[in-house]
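Q: sequence isn't available, so here's the structure alone:
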């Protein structure tokens, strides 16, 4: 499903809708080029659950963990990862067992992740106005995808 995000507000609204559907064990992958809005969408998802907290991009720390009401959210940014094996040192196994995982730049570890996930590919809109998101999910995400389609 393709969603136009002409302004930051639409990105926030998409994040809020995704956040409302989250439950333990969920994996959301965020892919796209630099500046496409991956960190902005991750921030919107986290803030929707945790309130207006500071949510920096974890590019240099690679992973941040947020305790939110009802669910723990692990935010991975794999941009600087050199090897897929490094992901285990960052705590992916623990994250898979304890909460929700948001992964920016998931391409390096795609084959290590379970297929049951929500994938969001963000990109700059071709006419230069904002962004667009291509959202795909397995049956677990059917309700959210139906909601986004309205």
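A: Great, that's in hand. The structure presented is a predicted model; accordingly, all values stated were derived computationally and were not measured. Numbering: from 1, shown residues only.

Q: for the chain, which segments count as strands?
A: 2-5, 27-31, 63-68, 71-77, 100-104, 118-124, 131-137 (DSSP state E).

Q: of the ones you listed, which stretch is the most buried?
A: With neighbours taken as mean count of other CB atoms under 10 Å, the strands of the chain reach their highest mean count in strand 100-104, at a mean of 25. Quick note: C-beta positions are derived from backbone N, CA and C, even for glycine.

Q: by contact count, what packs against that strand?
A: strand 27-31, helix 38-50, strand 71-77 (3 or more CB pairs under 8 Å, 6 or more residues apart in numbering; DSSP states H and E).

Q: please convert the strands of the chain to CSV, extending it with distance to residue 145.
A: Formatted as CSV, the strands of the chain follow (distance: least, CB to CB, whole Å):
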stretch, distance to residue 145
strand 2-5, 10
strand 27-31, 13
strand 63-68, 23
strand 71-77, 20
strand 100-104, 18
strand 118-124, 9
strand 131-137, 6
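
Q: what's the closest of those strands to residue 47?
A: strand 63-68 (9.4 Å; CB to CB).

Q: re the thing from before, now the strands of the chain as a markdown table including mean pLDDT?
A: What follows is these, written out as a markdown table (pLDDT from 0 to 100):
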| stretch | mean pLDDT |
| --- | --- |
| strand 2-5 | 93 |
| strand 27-31 | 97 |
| strand 63-68 | 88 |
| strand 71-77 | 92 |
| strand 100-104 | 94 |
| strand 118-124 | 96 |
| strand 131-137 | 95 |
